[in-house]
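Asker: Sequence and computational prediction follow.
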Amino acid sequence: MLSAVYYLVLAGLASAGGSALLARASRRAWPLARGTVISTEVLELDGHFMAVVRYTYALAPGTAYRGTTHHLRGKLESSPARDVRTAEAQLLHYPVGERIDVHYDPDRPSRSVTVPRR
């Protein structure tokens, strides 16, 4: 009985991990837009620090919308760190004004991801 429960838990974890990998791969296949970093900050919550990068990106006219170019906003958050210097170091890769590549969901262009820079 215990081995059956163990097997089901492992199968569930494998399925969840596989789903996450597929979702990540599909986001990388989304169309690419050029973005610009508009602000950065370190947030603290319960002794953990998180680097937050806000960016904007534009879609060319005639893609998902009619009319003029649409500017959309996105946000990239790091994993929580126990040391503020770790979060601050991650922000060094995203100076304000820096041009970045942004993948956006063609079905919902307001959804976007950018690959964290190391």
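Answerer: The structure has been received and is ready for your questions.

Asker: quick one: the helices in the protein?
Answerer: 2-28, 84-91 (DSSP state H).

Asker: ranking the ones you listed by mean pLDDT, which is last?
Answerer: Mean pLDDT is lowest for helix 2-28 out of the helices of the chain, coming in at a mean of 50.

Asker: Does K75 touch V52 like I think?
Answerer: Yes - at 6.5 Å, K75 counts as touching V52 under the criterion of C-beta atoms under 8 Å. Where C-beta positions appear, they are placed from N, C-alpha and C, glycine not excepted.

Asker: Between those two, which has more neighbouring residues?
Answerer: Legend: neighbour count by other C-beta atoms under 10 Å for K75 and V52, higher for V52 (17 against 11).

Asker: Can you list the strands that the longest strand belonging to the chain pairs with?
Answerer: The single longest strand within the chain, with elements called by DSSP state E, is strand 32-45. Strand 32-45 has the following sheet partners, assigned by DSSP bridges: strand 48-59 (antiparallel), strand 99-104 (antiparallel).

Asker: Rebuild the ones you listed as TSV, extending it with mean pLDDT.
Answerer: Shown next, in TSV, are those (pLDDT from 0 to 100):
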stretch	mean pLDDT
strand 48-59	88
strand 99-104	89
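
Asker: Adding distance to S79, write these out as a markdown table.
Answerer: Shown next, in a markdown table, are those (distance: least, C-beta to C-beta, whole Å):
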| stretch | distance to S79 |
| --- | --- |
| strand 48-59 | 8 |
| strand 99-104 | 19 |
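
Asker: who wins for proximity to V113 among those?
Answerer: Minimum separation from V113 across the strands paired with strand 32-45 (C-beta to C-beta) falls at strand 99-104, 5.2 Å.

Asker: So what touches the closest one?
Answerer: Here strand 99-104 makes contact (C-beta atoms under 8 Å, 6 or more residues apart in numbering) with 27-37, 55, 57, 59, 72, 74, 94, 110-115.

Asker: which residue packs closest to G47, ignoring adjacent ones?
Answerer: R82 (6.9 Å; C-beta to C-beta, 6 or more residues apart in numbering).
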